[in-house]
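[1] Starting from these lines, generate the structure:
(chains A, B and C)
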Amino acid sequence: MSGKPRLAVFKFASCDGCQLSLLDAEDELLAIAGAVEIAYFLEASSRVLPGPYDVTLVEGSITTPHDAERIQEVRRQSKFLMTIGACATSGGIQALRNWASSEEYLRAVYARPEYIRTLSTSTAIADHVKVDFELRGCPINHHQLVEVLSSLIAGRTPRTPNHSVCLDCKRRGTVCVTVAQGIPCIGPVTHAGCGALCPHFDRGCYGCYGPAAQANPSSLNDWWMQHGHAPQQLVPLMRNFNGYAPSFRSESERLERMAATSHSSDQVGGNDK
Amino acid sequence: MTLQTGINPWQSHPAVIESITLEVAGVATFRLRLQSEELAASYRFEPGQFNMLWVPGAGEVAISLSADPNGAGPLDHTIRAAGNVTRLLFRQTHGSVIGLRGPYGTSWPLEQAVGSHVILIAGGIGLAPLRPAILALLAQRDRYESLTLLCGARSPDTLLYPAERAEWERGGMKVLTTVDRADGQWKGAVGVVTLLLDRLTLPDPQQTTVFMCGPEIMMRFCALTALDRGIPAENLWLSAERNMQCAVGLCGHCQWGPNFVCREGPVFRYDRIAPFLNVEGL
Amino acid sequence: MTNLPLQTTWFLPRGELSRLIETLRADGYEVVGPTVDQGAIVYSEIRSTDDLPKGWTETQGPGQYRLERRTDDAYFGFTVGPHSWKKYLFPPLVTVSTAERTPDGWSISDGKNDPPKYAFLGVRACELAAIAVQDRTFLHGPYVDPVYKARRDQAFIIAVNCTQAASTCFCTSMGTGPRCTRGFDLALTELPAGFLVEVGSPAGEALAARLPLVEAAEDHTREAEARRQNAVDQIQRRMDTTGIRDLLLQNLEHPRWSDVAQRCLSCTNCTMVCPTCFCHSVRDVSDLTGDQARRERQWDSCFNLDFSYMNGGPVRNDVRSRYRQWLTHKLASWFDQFDVSGCVGCGRCITWCPVGIDLTEEVAAIRSSDGLQRPPVSPAAT
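    Numbers count the residues shown, from 1 in each chain, chains lettered A, B, ... in the order given. Alright, predicted model coming up:
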């Protein structure tokens, strides 16, 4: 990179929360702004410069035919493309539509659904173009974002820890809410990044950062089913902001199949080993 | 051993990069000098040992010394740009300062090998940790029956130390090379380095010592070939690699069976780690 | 602190326990001990007896812990919880080195290492054993860890003998308890009227001399013995440790490893709650300018994929190999490295595993089918 690296931030189907995380990084924002040339970042500046861009941050998922084309052009203009947040990385909360009929949704929500052109699915950026790095979270952690940007500016490959939330609970001395209070928590299969925020406030993790590396959600759900939870109660735990991430997705679909079977045979729980 | 007995085992010491010499594509030799003259004068290492090099902000990396162990010379480290830290090392320039602590780990048993035929087997960058042993062996050439270096690499242009290899031959070491993929000019062998060992005439297998350094699979097969050829297991030595973070047996990362590779290794006698060499994912 | 014969036993009336805490605090110690927080009995700073879990106990089982009320007002009527003393001796996060860019390159210095003087109140026998195990790692090897040493050298240890056991306890199998025999300055056995006090070190003796102790009556001694026996009698869990090192290292390809990998979440909880697990990683943290950098040491775990990362990928690339690493390290190769078992039988890894994996069961399963899958014969023997 000659001169300052050129930074671009693009938005797809999302709530803008991840872009705001960058703007929230008040302590570091000026330093970042000084170290890069902000070429495209509508949330922050109306100045728009053409590509190519050295580092592109992509927020949001692909939900319309237009966006499916636009992401291709963004990729062409970007040397290093990084997704930020659950929508871009796994399809987001809007990927719940992938298990439903989007046409029905359209009819329920819009007075004139015929004006809406949308895809029947919400999918991750990586399903459409090559992604160089994924920053997890709903929303992303701005400390991690700053660290990743610092790495890129310094010429290092960014790396964020891919261990479970449990490790962070233990490091900060938080007592396990599942073991001590029986609260279902998917921290053991969830990617770190939040600093184990929810368990610290006495509630279970609901998976904002998506599946941890080589996560094993089936075992966790089997355990809960052995302890009185019905599979249909567990589906929503897997189907949250990262419900369409492969490992959570296949697990929620397994639970649904089990729920169907247990209804027909009137058995709740089980050992699906 | 001044550096090892410091109060803080993580205490790195500033070292100046005196020169960076490109060896082959993506591999360079970094010549380092400890900034403290006192430390530089007292620093000693054994062939096979390694240092921890620190690029502040990026991290530390374990790098075997490839320097001449005879006397207090410059500290050469032949490094391949592979990860974050090594890539940043390649962006340093002459005069840059980095952190250094060491030396750590076990060394090649040069004394034990006295009077025997010594075969050194290197795969790729594995020649770098063997270089100090080669120089030490050549410095006392008459104490060894014969010296043979078997060198394998992916292609002719990735074979390390081309000029020096000729020098080593003149000094009394037989040097055989092989590559996976030859080019038009290549006159050496083609194929895995095990083949060189297969074809080598062994005048006295019982009195032969083998030092190996390269990919684990290469060393596994070379060891089996050596055993096949009648070289005793206790005469086979290899240099292992694991994720080393503390280098002092405290952090747990480099465990391999019961061994901390940083402390019980990197140089192991084959029969002591053979049970673990064939277990996947240990 | 060790090797002092257990001498005369003393008695501290219940109402005087506060004097012990006050005296230590007056001597500049930060007293840490059990307290109720977050639905469990954890270790935290103790300013007075009000902070202790008076009248509380717990029940434990695989993957389960519940705080419960006792029918009496015992201060130490429970076993061990999610925390261990390692959080004080081997803190989860410390800076071990710093570097600052200067015109001449980098100026490198040590991380600050100026810990408080801790007094541990309520250390159980298995925990004394765990501290002794970590002493071997951090103090008695070729390299000494300055972070651990600075904390350990100053620590004052008040042990408490268990008078009950949890269903997850198996210290009797590991030979570590429940009786506290060494490694403490003072050891207490709680009775309704007060505490039987044993002195374990000169420092303990000096402190005892300043407490309102009376000589223990025979009744006290007898009752304390009965209560300690109660803990022994309650321990149900067993681990057969006969030849355990060879058993595990000779069964590295046992099918049980794949079986447990189906259940294991690789979430690191067992290693984090283990009072002897010492693995950590060191990473660089720098500011955006890159002119300041520090090396931070954090608790890490062999269950993390990145733990064994090398160029070319992780060495232990599946849960099977990572669980195997943990169990064989803990129960087998720890002997090679430190001449002691890495397991003290506290049962924390069983309780705090979110899916209740029980290492005693895993070992039993391997033992019951030992030799099913021997590793390839060592080439050394051919």
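[2] Please determine how far the residue nearest in space to the middle of chain C is located from B:Val261.
    Most central in chain C under C-alpha atoms, centre = their mean is C:Pro275, positioned 2.4 Å from the mean C-alpha point. Using C-beta to C-beta, to the nearest Å, C:Pro275 is found at 26 Å from B:Val261. (C-beta placed from N, C-alpha, C; glycine too.)
[3] Over to C:Arg19?
    Applying C-beta to C-beta, the value for C:Arg19 to B:Val261 is 52 Å.
[4] Which residue, other than its chain neighbours, is closest to residue 107?
    In the absence of a named chain, chain A is used. A:Pro113 (5.3 Å; C-beta to C-beta, 6 or more residues apart in numbering or on different chains).
[5] you looked at the wrong chain, it should be chain C
    In space, C:Ser107 is closest to C:Glu100, 4.9 Å off (C-beta to C-beta, 6+ apart).
[6] Pretty sure C:Gln292 is one of the things the one you found touches, is it not?
    Yes: here C:Glu100 reaches C:Gln292: they are 5.7 Å apart, a contact under C-beta atoms under 8 Å.
[7] which bits of the stretch 201-350 of chain C sit near chain A?
    By C-beta under 8 Å from any C-beta of the partner chain, the residues of the stretch 201-350 of chain C that approach chain A are C:262-269, C:272-273, C:286-290, C:298-299, C:301, C:303-306, C:318-319.
[8] Just the ones of these in helices?
    Among these, the members falling in helices are C:Gln262, C:Arg263, C:Asn269, C:Met272, C:Val273, C:Val319 (criterion: DSSP state H).
[9] Please identify which of those is nearest to B:Ala28.
    In terms of C-beta to C-beta, no member of those lies closer to B:Ala28 than C:Val319, at 38.6 Å.
[10] distance of that closest one from A:Gly137?
    24 Å.
[11] of those two, who's got more company?
    Neighbours were counted for C:Val319 and for A:Gly137 using other C-beta atoms under 10 Å in any protein chain shown; A:Gly137 has more, 26 against 23.
[12] Pull the contacting residues for that one.
    A:Cys18, A:Gly85, A:Ala86, A:Gln144, A:Gly193, A:Cys194, A:Cys208, A:Tyr209 (C-beta atoms under 8 Å, 6 or more residues apart in numbering or on different chains).
[13] The residue of chain A found nearest chain B: what secondary structure?
    In chain A, no residue comes nearer to chain B than A:Arg156, which is 4.7 Å away by C-beta to the nearest C-beta. What DSSP: H, G, I helix; E, B strand; the rest coil gives for A:Arg156 is coil.
[14] just A:Leu20 next, same as before
    Assigned by three-state DSSP, the conformation of A:Leu20 is helix.
[15] Run a quick check on it versus A:Glu43, I expect a contact.
    Yes: assessed by C-beta under 8 Å, A:Leu20 is found in contact with A:Glu43 at 7.2 Å.
[16] of the two, who's got more company?
    Shown here are A:Leu20 and A:Glu43; by other C-beta under 10 Å, A:Leu20 has more neighbours (16 against 13).
[17] Tell me what C:Trp106 is bridged to.
    Beta-bridge partners for C:Trp106, by DSSP bridges, are C:Arg101.
[18] thinking again about what came up before, buried subset of the ones in helices among the residues of the stretch 201-350 of chain C next to chain A, written for PyMOL?
    Selection of buried members from these for PyMOL, criterion 16 or more other C-beta atoms under 10 Å in any protein chain shown:
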select buried, chain C and resi 263+269+272+273+319
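[19] Check the ones in helices among the residues of the stretch 201-350 of chain C next to chain A against chain B and report the nearest one.
    Nearest to chain B among these, with distances taken as C-beta to the nearest C-beta, is C:Val319, at 10.3 Å.
[20] mind listing what the residue nearest to that closest one when sequence neighbours are not counted touches?
    Closest residue in space to C:Val319, ignoring its immediate chain neighbours: C:Ala261 at 4.2 Å, by C-beta to C-beta, 6+ apart. C:Ala261 makes contacts with C:Asp318, C:Val319, C:Arg320, C:Tyr323, as judged by C-beta under 8 Å, 6+ apart.
[21] before we move on, what about A:Tyr206?
    Listed by C-beta under 8 Å, 6+ apart, the contact set of A:Tyr206 reads A:Ile186, A:Cys198, A:Leu237, A:Asn240, A:Phe241.
[22] count of neighbours near the residue in chain C that chain B sits nearest to?
    Residue of chain C nearest chain B, by C-beta to the nearest C-beta: C:Gly105 (2.6 Å). C:Gly105 has 19 neighbouring residues, counting by other C-beta under 10 Å.
[23] Surely it touches B:Val16?
    Yes: with contacts counted by C-beta under 8 Å, C:Gly105 reaches B:Val16, the gap being 7.0 Å.
[24] if I look at the two, which residues touch both of them?
    Both C:Gly105 and B:Val16 are contacted by B:Gln35, B:Ser96, B:Val97, under the criterion C-beta under 8 Å, 6+ apart.
[25] buried set for stretch C:234-254?
    Across stretch C:234-254, burial judged by 16+ other C-beta under 10 Å covers C:234-235, C:237, C:239, C:241, C:244-245, C:247-254.
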